[in-house]
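In: coords please:
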Amino acid sequence: MAAADIAGAEMRDAAKADTVLVIDDQLPFRQAAAEMLGHLAGYELVGEAGSGEEGVELALRLEPRIVLMDVRLPGIDGTEATRRILAARPRTVVILVSTYPRSVLPTDIATCGAAGFLPKERLGPETLAALAGNPPT
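Out: Residues are numbered from 1 along each chain as shown. Next comes the predicted model:
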């Protein structure tokens, strides 16, 4: 295959990729999520944020299809950030994540508009695809 053909195929694949923004105050989680996304066909990491406010700003500017959002963030929490993102971009799929068990998290995680909640240790290709509405590749 010629170099131009390869470049064209890569551009078509990138055009089909679901764009993902990771919002989490824990750098190791952001790095792990970036590493996972880097190995998955069909997903492209477009940005990272460490606070709720920064995450909302990036989501509105970058317009990702999927947002991985920590529930507990400095500044506004993940549920409020989710509301703000979805108010401006209702087609965005927000997936809430946390290291804490659901029983100790704010009760509004069920009503903020997020597509779902996952404990961070359960985040993987299959769970991401299921919550984002995509078959795993």
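
In: Check which element follows the lowest-mean-pLDDT helix or strand in the chain along the chain.
Out: Lowest on mean pLDDT, DSSP states H and E among the helices and strands of the chain sits helix 3-16, with a mean of 46. Following helix 3-16 in sequence order, the next helix or strand is strand 18-23 (DSSP states H and E).

In: what's the helix or strand that that following strand is followed by packed up against?
Out: Note on strand 18-23: by DSSP H and E, the next helix or strand toward the C-terminus is helix 27-38. Counting contacts by 3 or more CB pairs under 8 Å, 6 or more residues apart in numbering; DSSP states H and E, helix 27-38 packs against strand 18-23, strand 43-49. From N, CA and C alone the C-beta is placed, and that goes for glycine too.

In: which residue packs closest to residue 124, ignoring adjacent ones?
Out: residue 36 (7.2 Å; CB to CB, 6 or more residues apart in numbering).

In: Please work out how many residues are found near that neighbour.
Out: By the criterion of other CB atoms under 10 Å, residue 36 has 18 neighbours.

In: need the contact list for it.
Out: By CB atoms under 8 Å, 6 or more residues apart in numbering, residue 36 lies in contact with 123-125.

In: Weed out the non-buried ones from those residues.
Out: 123, 125 (16 or more other CB atoms under 10 Å).

In: Mind listing the residues bridging to residue 116?
Out: Bridge pairing for residue 116 (DSSP bridges) gives the partners residue 95.

In: residues in contact with residue 115?
Out: Contacts of residue 115 by CB under 8 Å, 6+ apart are 93-95, 131-133.

In: Only whichever of the residues you listed are buried, select them in ChimeraX.
Out: Buried members of these, defined by 16+ other CB under 10 Å, are picked up in ChimeraX with:
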select :93,94,95,131,132
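
In: okay, the contacts of residue 115 in CSV with distance to residue 62 and pLDDT next?
Out: Conversion of the contacts of residue 115 to CSV gives the following (distance: CB to CB, whole Å; pLDDT from 0 to 100):
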residue, distance to residue 62, pLDDT
93, 14, 96
94, 14, 97
95, 16, 96
131, 20, 87
132, 16, 86
133, 19, 82
